[in-house]
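Student: Need a 3D model of the sequence below.
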Amino acid sequence: MTSKPENRYDTRKNGTGYWTVYDIFTGEPAEINGAQLTHCEMDEADDLVDLLNKQYIERRKGLTT
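Tutor: Numbering: from 1, shown residues only. Next up, the predicted model:
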């Protein structure tokens, strides 16, 4: 049986010098409240990845809805 990756989100540097938070399964930028997480500063993108991955793991474990 293959286990699922713990994380779903990561960062990548875009062509403008900013960072994008993206979904590693789809390759698309992640969104919060309909806003794509592009043009982030590095620290902001890193914090958002940590938050989104924490929420993703909690949902997979059934801790949140």
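
Student: The closest residue to residue 23 other than its chain neighbours and residue 55, how far apart?
Tutor: Nearest residue to residue 23, sequence neighbours excluded (CB to CB, 6 or more residues apart in numbering): residue 30, at 5.5 Å. Just so you know, the C-beta spots here come from the backbone N, C-alpha and C atoms, and that holds for glycine as well. To residue 55, residue 30 is 11 Å away according to CB to CB, to the nearest Å.

Student: Looking at those two, which has the bigger crowd around it?
Tutor: Remark: of residue 30 and residue 55, residue 30 carries more neighbours, 22 against 14, as counted by other CB atoms under 10 Å.

Student: OK, contacts around that one?
Tutor: 9, 21-23, 36-37, 48, 52 (CB atoms under 8 Å, 6 or more residues apart in numbering).

Student: Okay, and the beta partners of the spatially most central residue of the chain?
Tutor: Of all residues in the chain, the one closest to the mean position by CA atoms, centre = their mean is residue 9, 3.0 Å from it. Note on residue 9: beta-bridge partners by DSSP bridges are residue 23.

Student: just checking, it touches residue 57?
Tutor: No - contact between residue 9 and residue 57 fails when scored by CB atoms under 8 Å: they sit 10.7 Å apart.

Student: thinking again about what came up before, how about TSV for the contacts of residue 30, with pLDDT and distance to residue 62 added?
Tutor: Rendered in TSV, the data for the contacts of residue 30 read as follows (pLDDT from 0 to 100; distance: CB to CB, whole Å):
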residue	pLDDT	distance to residue 62
9	98	19
21	98	24
22	98	25
23	98	21
36	97	28
37	98	25
48	98	23
52	97	18
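
Student: By neighbours, which of the residues you listed wins?
Tutor: The most crowded member of those, judged by other CB under 10 Å, is residue 21 (24 neighbours).

Student: Next, that one: secondary structure please.
Tutor: Under DSSP: H, G, I helix; E, B strand; the rest coil, residue 21 falls in the strand class.
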